[in-house]
Structure formats: C-alpha cells, structure tokens
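Chemist: A structural model of the following input is requested.
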Amino acid sequence: MARVVDFLTAQVDRAPDNMAVSDSSGAAWTYADLDRASDDLASELTAAGVVATDRVLLLVENCAAAVATLHAGWKIGAVVIPFNARQTDGEVDKVIRHATPAAVVATAHVSGDAKTHGERLGGTEITGAFGTLLLARRESDPDPQLEDVAVLLYTTGTTGDPKGVMLTHGNMRFGAQASSGLREMTSDDVVYGVLPMSHVFGLVSVLTGACFSGAHVRIEARFSAQKLFDAAMDGVTIIPAVPQMHALVMQFTKEKGMTRLGAPKLRYVSSGGAPLDPAWKRKAESFYELPLQNGFGMTETSSGASATRNEIGDPDVSVGPITPGTQVRIDDAAPGGNGAGEGEVLVRGAHVMKGYYRNAAETAKALDADGWLRTGDLGKLDDEGRLYILGRTKELIIHGGFNVYPPEVEAALNDHPQVIQSAVVGRTKDGDEEVLAFVQVADEDRPRVEDLRAFVKERLAGYKRPKHIILATELPAAPTGKLLKHKMIAVLGGDLP
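Modeler: Presented below is the predicted three-dimensional model:
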C-alpha cells in the first residue's frame, strides 16, 4: 500500500538538503532533518507500545515537531489524530473517549494550551531530533478496520455523537497531488503554513502537497495579520488562506496607509472555506496584484473537489471546474433545492473519505452505495462545468417563504468600504426566520447601522435584507480563521430583541 510518508522518502532520496519546514520556534529542517526527527519519534512511540492501527492523538498548534509526529505515526502504521490544542478539556476528552488513542503527543513547546492538556493527561517529556514534546501512554487496542487510514479528523463544532472523518493514505495522496498540481508547486516554493494542521486545508492542501513537491513550508502557530504581512515581504511564494485572513491583512495594511501588498516573490494566492463576491475579489486582487484563486472542498473530501485557474481580473466567482478524478452532481430535489439545477452538491472520487469512525449510522447518511458523498452544500453547475456554492443546507434561511442564501447577503455587506467581513445567520421568531447580520468593523472607522441598511437596500431584495445588523470589532472564529456562525448569536446577540 502506498503511504503518505512515501512522499518524504522520495524527497530524502531526491534532495535531502532542501528545506522542508521552518517554524516560529526556530526550527529549520531539511528533508533529511525531518526524516531523522520522525525516525526518533517513531522509536519513542514504539517504545511506548504503539503499533500499527493504534491511534495517536496529536494535541497540536502548528510547528515542525508536529510534522515529525505525523510522519512518525505513519512510519509505524499508526493513525494520527491532529486535534487543535486550543479546544477545551471537555472537547479533548470527548475525542479520547471516542477514538481511544494508545498515545497522546502534545506540542507543549509552542502552545501553552497543549502543555496544559499534555500535563493533565499524564504526559512526560521526550527529547530527540524532533525537539521536546510531551508523550502520554494510554490503554488501547489496535483496530484492523484502520489498516489503510492515515488520519482521523474531528471537525470544528461537532456536537452530539463524535464524527471522526477517516481519511486513508490514498485519500491524502490524491488530495496532496491535486493541490500541488493546481498550484504548480516546485522545490523552489516557500508556502505559508498558518492554516492549522488539525484542519484538512492545512494538513492536506498545504503540508502534504508541499511535501509531495519538495517545497518549503514556513509554519506559523497562530494567525496574525502582522506575521502574514512579514512573511509575504520575506520571500513567501504561495499563500493559501481563508477569506477572513485576507480581509484582516488588507485591513492591517490599510491602517498602515498601504493600498498594495507589494510582496517581492509572491506568485499564488488562494482562498477557500467561503464563497467570494465580485467586488471583494476585485479588491483582493488589486491588493495582491495577483489573481485570487478560489476552491471548494471539505474534510470528507480530503480538501479540494474543485478550483479555479483564473487570470487576474476575471469576474468568475465560481469555485472552479471539477478537479480531475472527481465527479460532482447536483441533487436539486434535496432540501433547499429548487428543482431546476440548484441543490445539494454530491461528490465522488478517490479523495472521498472512508467514512466516520465508529459511526456507521452517520456514514450511511453521508455516503450512498455508489460512493456519492452528500456535502451539505447548496450549489449549481454552469454550462462550462464550473461549480458555484450558494450556501450550506443547514444555513439556508427561509424568510417569508423565500430562500435567503447567507453568502449573497454577506457579499452585499462586504462591499461596503468600512466593513472588514460579515456573517449572516437566521433566527426563528414568530413562526418565521429573521435575517441577522454580524459585521466586523474597525473602532476608528465604524460605520453607522443606518448607513449599512441604506447600502444593502440598493443591492438586495426586501426579503433578503437583515432584520438586525450587529457591529463588532471581532467575530467568533475557528483557528483556521473561518467564522463560527453557530456562535454568533450566543456571543454577540445578547441585546437582540
């Protein structure tokens, strides 16, 4: 069976002295260094009793040692569970109960949260070429059904029964090669790695795609606009990010009196995780002086299922044509569909997950007998085969009997020059759903709610306009930067009537 770690082996054979990863803790490893570090850690895991198909929970914030942990697990046939260390004790414990890992590794040297979790779980320090980590041994048994599985990913915001996505080595290899080809990555590239490794975008599209190509990943533990700006000005060639990160960097430079980034070596910028609107896309392309590429994917599809290859200024706001080797169809009879070509997006291909670990019922809901995955996203295909994402089936707002797609309302708000970003959600009230808009603004450049209402009135039909507009200097977000819509009302809606 071909494994993800074979990418590393190939780079060690081809160019062992090329840079592989560097991080904010000072690590700067070649591919040979990464191979030695993962060998050392594989020995530590083996000594702790970890064997093939055991699970290894990696409590992580981005760092080189986390990359070594992933490869160490794969070298011994274990399944790695990258899980963001900023989650609460209860969230970590829920994953432990569900996945029953044989070992827990915590990246304590770059994360106070990881250190706290690691110590709480009985971790002790281990050292080697990988640096210093906390390792805790736990009682567990191998699971033969995981023989071909590389990682289990538990998605942000999971409630109720855990839904650990099983991504196989084949899934990850397909996704990594597709991402590398899309970006035309080479060993000369320096990729900015701030998207969390606990998320499929950062793990597959960025980290594993770069390893396949022999590129250098410049790793950052946590996003900040200042650090992304500094990295771009210091030789980064590829920036994969989510729209919220781009919005915050543009706001950061605006406050510095800059209208263009002017990064000397930057050649590729992409956005994922949310739809784009034309005006915002034009603004971003003017800022980067590069085309802003867009794409669509999810944890269950090993990241990307479609992506654009547009030239700068192209008005296309689709998520692009379908990735080679992937199939997409639209179920317009599904909830939220219109029976005329708009409906739930279904995906099939070599990158689609094996299923949800220890959750046959949810797997059966998501995957049919022919291998089609129900994504939960609403979309449509145009005559040229480009996919457009209209919103999430669960986020669709039905107001006055009409469908309201939050991305359309967000696009109208985001077009206002004083808006950094926005999140639109629905709230059930008096037998209907209200449209609520949470809008991020800067304190020193705060618009009036009345002005925003007048602005969107020219752009949206009456039933789409927000009932309430709530201004804030910060919106609840996941470590990826993706806005957490399910938390908006609880965190910011306290004064809503």
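Chemist: List the contacts of residue 82.
Modeler: Residues in contact with residue 82 (CB atoms under 8 Å, 6 or more residues apart in numbering) are 58, 60, 66, 70, 151, 153, 197, 198, 203. In this view, the C-beta of every residue, glycine as well, is placed from N, C-alpha and C.
Chemist: Ok, residue 106 next?
Modeler: By CB under 8 Å, 6+ apart, residue 106 lies in contact with 59-60, 85, 114-115, 117-118, 121, 123, 133-136.
Chemist: got it, and residue 441?
Modeler: 418, 419, 420, 447, 471, 472, 473.
Chemist: let's see 6 Å
Modeler: 418, 471 (CB atoms under 6 Å, 6 or more residues apart in numbering).
Chemist: mind checking how far it is from residue 280?
Modeler: According to CB to CB, to the nearest Å, residue 441 stands 15 Å off from residue 280.
Chemist: Please apply the same query to residue 311.
Modeler: Distance, residue 311 to residue 280, by CB to CB: 18 Å.
Chemist: now swap in residue 264 and tell me
Modeler: Separation of residue 264 from residue 280 (CB to CB) stands at 25 Å.
Chemist: between those two, which one's more packed in?
Modeler: Ranked by neighbour count (other CB atoms under 10 Å), residue 264 and residue 280 place residue 280 first, with 23 against 10.
Chemist: got the contact list for the helix or strand where that one lies?
Modeler: Element membership for residue 280, per DSSP states H and E: helix 278-288. Helix 278-288 is contacted from outside by 246, 250, 261, 269, 292, 312, 315, 317, 414, 415, using CB under 6 Å, 6+ apart.
Chemist: quick one, phi psi at the second one?
Modeler: Backbone torsions for residue 250, taken as degrees, to the nearest 10, come to phi -60, psi -40.
Chemist: what's the answer for the fifth one, then?
Modeler: With angles defined as degrees, to the nearest 10, residue 292 sits at phi -100, psi 110.
Chemist: same check, this time on the one 5 residues further on
Modeler: Here the main-chain torsion angles of residue 297 (degrees, to the nearest 10) amount to phi -170, psi 180.
Chemist: Burial check on it, number of neighbours?
Modeler: Residue 297: 27 neighbours (other CB under 10 Å).
Chemist: In contact with it, which residues?
Modeler: 303, 304, 305.
Chemist: what about burial for those residues, which qualify?
Modeler: Buried subset of these (neighbour count, 16 or more other CB atoms under 10 Å): 303, 304, 305.
Chemist: I'd like to know which of the contacts of residue 106 are part of helices.
Modeler: Judged by DSSP state H, helices contain the following of the contacts of residue 106: 114, 115, 117, 118.
Chemist: JSON lines for the contacts of helix 278-288, including distance to residue 224 and pLDDT?
Modeler: Formatted as JSON lines, these follow (distance: CB to CB, whole Å; pLDDT from 0 to 100):
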{"residue": "246", "distance to residue 224": "14", "pLDDT": "90"}
{"residue": "250", "distance to residue 224": "14", "pLDDT": "92"}
{"residue": "261", "distance to residue 224": "15", "pLDDT": "95"}
{"residue": "269", "distance to residue 224": "18", "pLDDT": "97"}
{"residue": "292", "distance to residue 224": "21", "pLDDT": "94"}
{"residue": "312", "distance to residue 224": "27", "pLDDT": "93"}
{"residue": "315", "distance to residue 224": "32", "pLDDT": "88"}
{"residue": "317", "distance to residue 224": "28", "pLDDT": "87"}
{"residue": "414", "distance to residue 224": "21", "pLDDT": "92"}
{"residue": "415", "distance to residue 224": "26", "pLDDT": "90"}
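Chemist: Nearest to residue 178 among the residues you listed?
Modeler: Closest approach to residue 178 among these (CB to CB): residue 269, at 18.2 Å.
Chemist: my read: that closest one touches residue 289, true?
Modeler: No - using CB atoms under 6 Å, residue 269 makes no contact with residue 289, being 9.7 Å away.
Chemist: Looking at these two now, which is surrounded by more residues?
Modeler: More neighbours surround residue 269 than the other of residue 269 and residue 289, with 23 against 13 (other CB under 10 Å).
Chemist: residue contacts, the more buried one?
Modeler: Going by CB under 6 Å, 6+ apart, residue 269 touches 239, 288, 290, 292.
Chemist: Could you work out the most separated pair of the ones in helices among the contacts of residue 106?
Modeler: 115 and 117 (7.4 Å).
Chemist: and the two? which has more neighbours close in?
Modeler: Counted by other CB under 10 Å, residue 115 and residue 117 do not tie: residue 117 has more neighbours, with 26 against 18.
Chemist: Identify the residue nearest the more buried one in space, chain neighbours excluded?
Modeler: Leaving aside its sequence neighbours, residue 117 sits nearest to residue 59 (CB to CB, 6 or more residues apart in numbering; 5.0 Å).
Chemist: Could you give the bridge partners of that neighbour?
Modeler: When bridges are called by DSSP bridges, residue 59 pairs up with residue 83, residue 106.
Chemist: doesn't residue 119 make contact with it?
Modeler: No - Residue 59 is beyond contact range of residue 119, at 10.9 Å (criterion: CB under 6 Å).
Chemist: Compare the two and say which is more crowded by neighbours.
Modeler: The neighbour comparison of residue 59 against residue 119 (other CB under 10 Å) goes to residue 59, with 32 against 14.
Chemist: dump the residue contacts of residue 277.
Modeler: By CB under 6 Å, 6+ apart, the contact set of residue 277 is residue 411.
Chemist: gap between it and residue 71?
Modeler: 39 Å.
Chemist: Spatially central residue in this protein, please.
Modeler: When the chain is reduced to its mean C-alpha position, the nearest residue by CA atoms, centre = their mean turns out to be residue 201, at 4.0 Å.
Chemist: Can you tell me how far that one is from residue 91?
Modeler: With distances taken as CB to CB, residue 201 is found 20 Å from residue 91.
Chemist: can you check residue 204 too?
Modeler: Distance, residue 204 to residue 91, by CB to CB: 22 Å.
Chemist: Which one of those two is surrounded by more residues?
Modeler: More crowded of residue 204 and residue 91, by other CB under 10 Å: residue 204, with 31 against 17.
Chemist: so the more buried one sits in a helix?
Modeler: Yes - counting by DSSP: H, G, I helix; E, B strand; the rest coil, residue 204 is located in a helix.
Chemist: quick one: pLDDT of it?
Modeler: Listed pLDDT for residue 204 reads 97.
Chemist: what's the answer for the one 3 residues further on, then?
Modeler: For residue 207, the model assigns a pLDDT of 98.
Chemist: in a strand, that's where it is, yeah?
Modeler: No - with three-state DSSP as the criterion, residue 207 is assigned helix and is not in a strand.
Chemist: burial count for it?
Modeler: Applying other CB under 10 Å, we find 27 residues neighbouring residue 207.
Chemist: cool, the one 4 residues further on as well?
Modeler: Here the count is done by other CB under 10 Å, and residue 211 has 27 residues near it.
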